[in-house]
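Novice: Kindly return the folded structure for what I paste below:
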Amino acid sequence: MRPRFEYGQAVRVIRNVRNDGTYPGEPTGRLLVRRGTVGYVRDVGTFLQDQIVYSVDFIDSQRMVGCREPELQLASDPWVATRFEFRDKVTPRMPLALKGEVIAQPGDAGEVEKVLREEVTGPAYHVRFSGRTLQVPECALDFLSDGPGEA
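Specialist: Just a heads-up that it's a prediction; the model follows:
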């Protein structure tokens with residue numbers, strides 16, 4: 001088991017990092033670092049002898065956070081920024097239908113279940129509306145409330 005990243009290397013967190021109860025001074029579940037943020041590897045260790053954990057210094061937010069290897073990529077690797085994230089509350093900008101049946105209309109509440117960054121036409125999402133999951137392009141969605149994390 002060899003570390004992929006080295007001390008001082010710039011890395012990007014590819015998933016939101018929340019407090020799992022080990023970050024002092026913040027409640028469990030609190031967002032510590034938003035995905036897409038770049039930090040610098042300050043230390044490398046292991047957890048349970050089978051997981052590499054990096055201490056990453058996110059200078060802009062003045063946080064040093066432990067990140068598992070699958071949560072990181074090189075800062076120089078391609079990154080597709082997205083407007084929405086897992087569990088964001090959204091609403092369609094237009095009626096969404098399947099086989100002529102309208103599933104969701106503007107104002108209806110939906111929840112992002114998965115972010116699809118690698119779509120040829122741009123970011124898309126699996127969104128749950130009224131018990132049904134639809135794949136919806138980013139351009140067809142708005143936040144349900146005034147902004148992220150407010151629903």
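Novice: hey, let's count contacts and neighbours off CA atoms from now on
Specialist: OK.
Novice: Counting by contacts, list what the lengthiest strand in the chain packs against.
Specialist: Counting by DSSP state E, the longest strand found in the chain is strand 38-47. The helices and strands touching strand 38-47, judged by 3 or more Cα pairs under 8 Å, 6 or more residues apart in numbering; DSSP states H and E, are strand 10-13, strand 51-58.
Novice: CA-only coordinates of that strand in CSV, if you can.
Specialist: Listed in CSV are the C-alpha atoms of strand 38-47, where the atom choice follows Å, rounded to 0.1, in the frame of the first residue of the first chain:
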residue,chain,number,x,y,z
VAL,A,38,-7.9,22.6,-3.5
GLY,A,39,-5.5,21.9,-0.6
TYR,A,40,-2.0,20.7,0.1
VAL,A,41,-0.9,17.3,1.5
ARG,A,42,0.8,17.9,4.9
ASP,A,43,1.0,14.3,6.2
VAL,A,44,0.2,10.8,5.2
GLY,A,45,-1.0,8.0,7.5
THR,A,46,-3.1,4.9,7.7
PHE,A,47,-6.4,4.0,9.3
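Novice: Could you check how far that strand is from the centre of its chain?
Specialist: Centre-to-centre, strand 38-47 and its host chain are 19 Å apart (Cα atoms, centre = their mean, to the nearest Å).
Novice: residues in contact with it?
Specialist: The list of residues contacting strand 38-47 from outside it, by Cα atoms under 8 Å, 6 or more residues apart in numbering, reads 3, 5-13, 52-59, 75.
Novice: Pull up the pairing partners for that strand, direction included.
Specialist: strand 10-13 (antiparallel), strand 51-58 (antiparallel) (DSSP bridges).
Novice: how about the last one: buried residues?
Specialist: Under the neighbour-count criterion of 16 or more other Cα atoms under 10 Å, strand 51-58 has 52-58 buried.
Novice: Reformat these as a markdown table; add distance to residue 138.
Specialist: Below are those laid out as a markdown table (distance: Cα to Cα, whole Å):
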| residue | distance to residue 138 |
| --- | --- |
| 52 | 34 |
| 53 | 33 |
| 54 | 32 |
| 55 | 33 |
| 56 | 30 |
| 57 | 31 |
| 58 | 28 |
